[in-house]
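[1] pasting the structure only:
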């Protein structure tokens with residue numbers, strides 16, 4: 001299904017889809033792009049700076065979201081996002097690192113606004129379905145950008161391909177402009193974003209979904225493209241394999257979201273984690289194209305199942321008053337997960353990265369064991385702790 005009866009959901013989803021033609025297409029090739037420039041560490045450094053800056057900006061994002069229209073924040077931050085990604089694609093280090101910093105500073109505002117807007121136009125009966133629809137449409141753009149850059153970079157070079165996808169992404173502003181204005185409800189209990197660990201239960205829930213999900217994404221945009229590049233020495237192969245990683249949600253995320261609405265989030269989360277561990281084991285042992293493809297497929301399925309749960313579960317465990325804060329915590333763990341995925345790949349390389357990530361997932365499971373059984377009980381515990 002490529003359209004719903006909810007016009008705001010359609011415009012939000014297709015706007016992000018077009019925006020991430022550039023964002024997905026550029027970020028997915030940064031490690032291989034800078035590797036070709038003779039600066040293999042620069043790609044990892046840029047990705048780490050981007051997500052460290054987003055992690056920091058997450059602390060002030062809700063300040064803006066509570067005071068301004070989420071539509072306006074999405075419009076403004078999207079435009080800055082596109083320009084900043086173009087700066088990253090330059091060879092001048094001042095532009096590269098300045099662009100990375102700017103991506104991070106607006107990234108938390110963009111994604112907090114998206115999460116808040118999606119929850120505001122959904123209800124408890126369709127959160128999973130709406131989240132799955134958003135992720136499916138969003139990934140059409142992201143995977144298309146990855147395929148496009150993979151193909152055209154081999155003909156015209158990386159920078160030309162980067163500039164073309166950035167131009168295409170400007171059309172996202174048209175869809176964002178058609179959305180209705182929705183303002184986030186102000187926090188009645190004035191929970192400070194600095195009190196990020198006030199609810200241990202909330203942190204444990206976010207670890208089980210947000211952290212694991214985005215740690216996998218961190219691997220997919222850093223070490224995985226480099227592994228494909230080293231094994232195949234082919235830019236198109238990076239697009240086909242790692243692009244397939246982002247194409248998979250188009251096929252399964254909405255179905256997984258619908259299933260979780262009817263049968264609960266827990267079974268989807270557990271299946272995802274098992275698939276992720278299998279994929280990581282296969283990627284650890286892959287030295288050729290076959291195992292590389294199979295491992296990427298398992299990991300792609302895992303993150304595709306987790307994708308709709310990320311937003312839906314925020315609505316499950318929150319009230320109207322504390323939803324902005326809960327979204328902030330989930331995005332806080334999101335960027336920790338991304339940072340860990342990028343950092344582990346950068347520090348330990350292909351020899352140890354996937355095994356270390358399996359160990360980290362195991363520790364997250366131990367810390368969060370039992371929380372997915374009754375989300376109503378979890379919501380009550382979070383309300384008491386806050």
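    Now that the structure is in, tell me what you want to look at. These numbers were taken from a predicted model, which means no experiment stands behind them. Numbers count the residues shown, from 1 in each chain.
[2] give the contact list for residue 201.
    371, 378, 381, 382, 385 (CB atoms under 8 Å, 6 or more residues apart in numbering). Glycine gets a C-beta too; all of them are placed from N, C-alpha and C.
[3] host element of it?
    Element membership of residue 201, judged by DSSP states H and E, is helix 200-206.
[4] pLDDT on the helix or strand just after that helix, on average?
    Using DSSP H and E, the helix or strand that directly follows helix 200-206 along the chain is helix 212-220. If you average the pLDDT over helix 212-220, you get 87.
[5] can you give me the buried ones in the helix or strand that helix 212-220 is followed by?
    Where DSSP H and E defines the elements, the next helix or strand beyond helix 212-220 is helix 223-232. In terms of neighbour count (16 or more other CB atoms under 10 Å), helix 223-232 has its buried residues at 223, 224, 225, 226, 227, 228, 229, 231, 232.
[6] follow-up on the earlier one: could I get the contacts of residue 201 as CSV with pLDDT, distance to residue 2 and secondary structure?
    Shown next, in CSV, are the contacts of residue 201 (pLDDT from 0 to 100; distance: CB to CB, whole Å; DSSP: H, G, I helix; E, B strand; the rest coil):
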residue, pLDDT, distance to residue 2, secondary structure
371, 71, 35, coil
378, 72, 34, helix
381, 76, 39, helix
382, 75, 36, helix
385, 72, 41, helix
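[7] would you agree residue 250 is in contact with residue 138?
    No: with contact defined as CB atoms under 8 Å, residue 250 does not reach residue 138; the gap is 9.0 Å.
[8] pick out the residue nearest the middle of the chain.
    residue 214 (5.9 Å; CA atoms, centre = their mean).
[9] where do the strands sit along the stretch 151-300 of the chain?
    Along the stretch 151-300 of the chain, counting by DSSP state E, counting those that start in this stretch, no stretch forms strands.
[10] where does pLDDT dip in it?
    183-198, 234-236, 243-246 (pLDDT under 70).
[11] against which helices or strands is the longest helix that the chain contains packed?
    Longest helix in the chain, counting residues (DSSP state H): helix 323-368. When contacts are defined as 3 or more CB pairs under 8 Å, 6 or more residues apart in numbering; DSSP states H and E, helix 323-368 packs onto helix 40-65, helix 93-120, helix 200-206, helix 212-220, helix 223-232, helix 265-285, helix 289-316.
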